[in-house]
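*Asks:* attaching a predicted model along with its sequence, questions to come.
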Amino acid sequence: IINKLENCIFNNFGVPKIMVTDNASYFVSHLFKKFVFKQCIVQRTIAPYRAASNRAERHVRDVTTSLRCFCNDKQTQWDENLGNIQMSLNTAKNSSTGYTAFQLMFNH
């Protein structure tokens, strides 16, 4: 996890000030806590066993719902629709922030 964070996320987008994680063993390990401390990252963990408080779970639900809509009659070809679904979700305005994921990610 640490290696992927450094090489795929931090090197491309910078080090976050705050990181919200679940309570998986690798996120609550001494090694990971030491890593976030060295990076000056404030780590916040979600409440255990509460999927509703997990933003990632919310996005998984959105993708699943979109896949059902796009692939209603062609369920074996769901992978062909992922690009369209990704674009749709990334350009949808968030009701809480008023911005799209693209706007927040790329400062548009």
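*Replies:* Now that the structure is in, tell me what you want to look at. Numbering: from 1, shown residues only.
*Asks:* CA only for contacts and neighbour counts going forward, please
*Replies:* OK.
*Asks:* distance between the ends of stretch 23-34?
*Replies:* Using C-alpha to C-alpha, to the nearest Å, the end-to-end distance of stretch 23-34 comes to 16 Å.
*Asks:* can you report phi and psi for the residue nearest the centre of the chain?
*Replies:* Nearest to the mean C-alpha position of the chain, by C-alpha atoms, centre = their mean, lies Ala56 at 5.1 Å. Here is the backbone geometry of Ala56 (degrees, to the nearest 10): phi -60, psi -40.
*Asks:* state the distance from it to Phe37.
*Replies:* Counting by C-alpha to C-alpha - Ala56 and Phe37 are separated by 23 Å.
*Asks:* for the residue lying farthest from the centre of the chain, helix, strand, or coil?
*Replies:* Most distant residue from the mean C-alpha position of the chain: Asp73, 28.4 Å away (C-alpha atoms, centre = their mean). Assigned by DSSP: H, G, I helix; E, B strand; the rest coil, the conformation of Asp73 is coil.
*Asks:* following the helix or strand of the chain with the lowest mean pLDDT, which helix or strand comes up?
*Replies:* Least confident element among the helices and strands of the chain, by mean pLDDT, DSSP states H and E: helix 55-70 (a mean of 80). Using DSSP states H and E, the helix or strand that follows helix 55-70 in sequence is helix 82-90.
*Asks:* next one: the helix or strand following that next one to chain centre, how far?
*Replies:* Of the helices and strands lying after helix 82-90 in sequence (DSSP H and E), the nearest is helix 101-106. Distance of helix 101-106 from its chain centroid, counting by C-alpha atoms, centre = their mean, to the nearest Å, is 13 Å.
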